[in-house]
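**Q** Below: sequence and its predicted model.
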Amino acid sequence: INISDAEGFGLGVLESLSCGTPAIGNMTGGIQEQITDGKDFFGVGIVPCSKTIVGSQSVPYVFEDRISEEQFHDALWEMFNMPLEERLALGLKGREHVLKNYNFEDFQKNWISLVDKTIEKHGSWQTRKNYKPWELREVK
């Protein structure tokens, strides 16, 4: 269960799914990518009842997606009342989702490819191209 109202990515849901255990999660941040592939769900996704953007000059644009106590209880009951075979099937689908989309081999290849493309386009730290420095100014 991950009902965080502001989650960048997190690993709890992926760890649960990788073990074949369906998850309950707030459909915020990276959790929504983990609990569904856009077609199938691998547990119960809770759509937030309120969405807020909070921030300041030092930490702009943090999204807070809150769920209600009633939504949380409903999700628990949905999972609790789900037939065992359905829960097991959700868990197996979730495990397959993790193995297909979050495995180390593909992650390593994709990460190296991203870094290589970035260096090719923008240069390395020492040879940066198209770099424009910026400065932080206080507005009074």
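**A** Here it is on my side, so go on.

**Q** Quick one: low-confidence residue ranges for this protein.
**A** Counting by pLDDT under 70, the chain contains low-confidence residues at 54-62.

**Q** Helices of that one, residue ranges please.
**A** Assigned helices in the chain, in chain order: 12-18, 31-35, 69-81, 84-101, 104-122 (criterion: DSSP state H).

**Q** between the ones you listed, which one is nearest to Gly45?
**A** Relative to Gly45, the nearest member of these by Cβ to Cβ is helix 31-35, separated by 4.8 Å. Placement of C-beta: from N, CA and C, glycine included.

**Q** burial count for Val13?
**A** The burial metric for Val13, expressed as a neighbour count using other Cβ atoms under 10 Å, is 29.

**Q** Please disregard the earlier target; I meant Asp5.
**A** By other Cβ under 10 Å, the residues close to Asp5 number 16.

**Q** try the one 10 residues further on
**A** Around Glu15 sit 13 other residues, with neighbours defined as other Cβ under 10 Å.

**Q** Okay, now stretch 128-138: how far is its last residue from its first?
**A** End-to-end distance for stretch 128-138: 27 Å, by Cα to Cα, to the nearest Å.

**Q** which residues sit in contact with the residue nearest to the spatial centre of the chain?
**A** Central residue check for the chain by Cα atoms, centre = their mean: the C-alpha nearest the mean position is that of Gly30, 1.0 Å away. In this structure, Gly30 makes contact with Glu7, Gly8, Phe9, Gly10, judged by Cβ atoms under 8 Å, 6 or more residues apart in numbering.

**Q** so which of the helices of the chain is the most packed in?
**A** By mean neighbour count, with neighbours taken as mean count of other Cβ atoms under 10 Å, helix 31-35 ranks first of the helices of the chain at a mean of 23.
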